[in-house]
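**Student:** Any chance you could fold what I've pasted below:
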Amino acid sequence: MHNMTKPVVIDQSLPSMGELLIWTDIAPEKEQDFNLWYDTEHMQERASIPGFQWSRRYRSNTASRPYLALYRTDSLNVFSSAPYRQAFENQTAWSVRNFSAMYNTQRRVNVVTETMGAGTGAFVNLVCLSSAEHAQLALTLSQTLCREVPGIIAVRVLTPDPQLSTPLPSEDADKRVLEPYLVVDTTTLASADAAGAWMVERLKLTNHQQHSFGLLWDLRASDLK
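**Tutor:** Residues are numbered from 1 along each chain as shown. Sure thing, here's the model as predicted:
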């Protein structure tokens with residue numbers, strides 16, 4: 001893996017949407033409170049910020065970090081906006097408690113490159129692409145991936161922004177690795193597993209660089225209006 005100091009440059013004809021990724025583990029004795037916090041406070045809090053489109057939560061039965069949260073925004077600039085900064089810099093007491101309980105955490109604010117399809121799958125596969133070269137090749141291969149693996153709904157690449165990807169307390173800022181991700185939405189777990197295996201084989205990655213997650217729930221900003 002490469003410790004990138006700048007984002008991958010990917011040509012896009014439209015302004016870039018943003019996507020926040022929080023990928024973490026939590027101690028078993030804190031898990032109930034962690035899920036209750038996410039499901040009754042944090043998802044709604046983030047989805048209600050102007051410029052946020054949706055909040056989604058996932059869980060994996062096999063990944064070393066089992067919990068994944070994704071948040072889509074209208075643009076990357078939303079993460080520099082006054083409403084977001086107010087929420088990020090003034091966390092609730094419940095949020096502070098759970099952020100402190102999380103470990104092995106990644107917090108990444110990403111540029112989104114949509115490659116194929118549309119919609120939300122019941123499962124996603126997250127491929128850790130490790131380099132700009134792998135991100136570019138994944139973009140090139142995504143059309144073939146969708147043709148050869150059934151059950152794929154949509155594919156996108158997420159590229160972390162170093163300045164906006166402020167680490168949470170459990171991540172050492174000096175040791176963090178800012179690598180792109182491929183996110184593949186699928187209808188079944190088998191399709192998610194197959195998509196990850198297909199991509200890592202062609203990119204010559206290792207199998208531990210891809211992980212499948214099941215959707216826990218999806219909250220759209222429009223649901224709160």
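
**Student:** can we go C-alpha only for contacts and neighbour counts from here?
**Tutor:** OK.

**Student:** Number of residues surrounding residue 109?
**Tutor:** By the measure other CA atoms under 10 Å, the count of residues near residue 109 is 24.

**Student:** what kind of secondary structure is it in?
**Tutor:** Residue 109 falls in the strand class when you classify it by DSSP: H, G, I helix; E, B strand; the rest coil.

**Student:** I'd like to know how far the residue nearest to it when sequence neighbours are not counted sits from residue 147.
**Tutor:** In space, residue 109 comes closest to residue 20 once its chain neighbours are excluded; the distance is 4.5 Å by CA to CA, 6 or more residues apart in numbering. Distance, residue 20 to residue 147, by CA to CA, to the nearest Å: 28 Å.

**Student:** May I have stretch 164-171 exported as PDB, CA atoms only?
**Tutor:** The C-alpha coordinates for stretch 164-171 follow below in PDB (Å, rounded to 0.1, in the frame of the first residue of the first chain):
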ATOM      1  CA  LEU A 164     -10.800  16.900   4.400                       C
ATOM      2  CA  SER A 165     -10.100  13.300   5.700                       C
ATOM      3  CA  THR A 166      -9.500  14.400   9.300                       C
ATOM      4  CA  PRO A 167      -8.900  11.200  11.300                       C
ATOM      5  CA  LEU A 168     -11.100  10.200  14.200                       C
ATOM      6  CA  PRO A 169      -9.400   9.600  17.600                       C
ATOM      7  CA  SER A 170      -8.700   5.900  17.000                       C
ATOM      8  CA  GLU A 171      -6.600   6.400  13.800                       C
END
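
**Student:** In it, which residues are buried?
**Tutor:** Judged by neighbour count using 16 or more other CA atoms under 10 Å, the buried positions of stretch 164-171 are 164-165, 167-168, 170-171.
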